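1. Any chance you can model this:
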Amino acid sequence: MAKKILITGAGGFVGGFIVEEALKRGYETWAAVRATTSLEYLTDERINIIELDFSDKSVLKEQISLFIAENGKWDFIIHNLGATKCANFRDFNRINYEYLKDFTTILCETNGIPEKFLLMSSLSVMGLGDEAGYTPFKPTDIPMPNTSYGVSKLKGEQAVKAIPDFPYIIFRATGVYGPHEKDYYLMIKSIAQGFDFSVGFKKQMLTFIYVKDLACAMIDALEAPDAIKKTYFIAEKRGYTQKEFREIVARTIGKKHVIPVCAPLWLTRIVCWISEQIGVLRMKPSTLNSDKFKIIKQRNWLCDVSNGEKDFNFAPKYDLETGIKEAVEWYRQAGWL
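-> Model (predicted):
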């Protein structure tokens, strides 16, 4: 009998690819969505859709209790639900921490604790890195988040670690890109139009992970005996400068002349602040805000992935050039480029 896996946040960019990978591996795959979630990328007839209302703890408990009574508990859970943009920064805490805490509490109360519970966190929990020698972050480094988003993700990590004998795995992913993704898409679109916008004049080392590699690594970690009660950075092993990113994109889309436009940090801070205020007035999250400024200001995103290599043979199949090529092909087919 196939093992059951639950994927929360299944209707999002990353979630759809996790569902796809789980199906490929032969799991009885349950995709958790909200009533309002678009199922545009969840069309495979093998997917079991389950509605879970994380905004109401009592309703969520009823939904999970009913599932367990009828089907038994899930063998694996990937908690991919989370907010990366919020008009009100307090929503980061509510969605990335409180929803998670309620969820794990309910799993404990309903005897629903799985064999393993993988939490999708973020490299942003680390805060500022070494911007002099560019030493990579190590899993043993103490997180010191400097954004509301990073703080909320760290609180989520601490919540699962605090549960006695809870079989957690934590993934701190770096910049995730690929088909369906919209933030890196805007950068690619800008380069296609002949301009590459960057911030600050000091060298910045960026790290990436292609979405299919991330999804594959998640299932690999769930299946690996040594990957339990551990935290992993998930990124392609090498880093890239903004210039390297620009050249790879330009080469892929066939753009011969791209003008690099580098904005000073003081100007970027003002633009982010104005964008944030507009978002607050419109009650919609803005791509540029004070949290985002701290992230794009950061110069070093290098991280040590060696424990994942050791525990579940983490080895991304896509380097940035290969991943950008596949993403651009999808953007073109979808009419985005």
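2. Tell me the strands beside the strand or helix carrying Ile209, with direction?
-> Per DSSP states H and E, Ile209 falls inside strand 208-210. Neighbouring strands of strand 208-210 in its sheet, by DSSP bridges, are strand 175-177 (parallel).
3. Show me what secondary structure element comes after the partner strand.
-> Under the assignment DSSP H and E, the closest C-terminal helix or strand after strand 175-177 is helix 183-192.
4. And that following helix, what does it pack against?
-> Contacts defined by 3 or more CB pairs under 8 Å, 6 or more residues apart in numbering; DSSP states H and E place helix 183-192 against strand 195-199, helix 242-253, helix 320-333. For the C-beta atoms, the positions are set from N, CA and C on the backbone; glycine is no exception.
5. before we move on, back to that, distance between the strand holding Ile209 and the chain's centre?
-> 10 Å (CA atoms, centre = their mean, to the nearest Å).
6. Determine the set of other helices and strands touching the helix or strand following that strand.
-> Moving toward the C-terminus from strand 208-210, the next helix or strand (DSSP H and E) is helix 211-223. Packing partners of helix 211-223 (3+ CB pairs under 8 Å, 6+ apart): helix 13-24, strand 76-79, strand 116-122, strand 168-173, strand 175-177, strand 230-234, helix 306-312.
7. In TSV: the ones you listed, plus mean neighbour count.
-> Listed next are those as TSV, based on neighbours: other CB atoms under 10 Å:
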stretch	mean neighbour count
helix 13-24	22
strand 76-79	26
strand 116-122	25
strand 168-173	22
strand 175-177	22
strand 230-234	22
helix 306-312	17
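8. Please dump those into JSON lines; it should also carry mean pLDDT for every row.
-> Listed next are the helices and strands packed on helix 211-223 as JSON lines, based on pLDDT from 0 to 100:
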{"stretch": "helix 13-24", "mean pLDDT": "98"}
{"stretch": "strand 76-79", "mean pLDDT": "98"}
{"stretch": "strand 116-122", "mean pLDDT": "98"}
{"stretch": "strand 168-173", "mean pLDDT": "98"}
{"stretch": "strand 175-177", "mean pLDDT": "97"}
{"stretch": "strand 230-234", "mean pLDDT": "98"}
{"stretch": "helix 306-312", "mean pLDDT": "98"}
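9. Redo these as JSON lines? Include distance to Glu51.
-> Formatted as JSON lines, the helices and strands packed on helix 211-223 follow (distance: least, CB to CB, whole Å):
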{"stretch": "helix 13-24", "distance to Glu51": "14"}
{"stretch": "strand 76-79", "distance to Glu51": "16"}
{"stretch": "strand 116-122", "distance to Glu51": "20"}
{"stretch": "strand 168-173", "distance to Glu51": "25"}
{"stretch": "strand 175-177", "distance to Glu51": "25"}
{"stretch": "strand 230-234", "distance to Glu51": "29"}
{"stretch": "helix 306-312", "distance to Glu51": "31"}
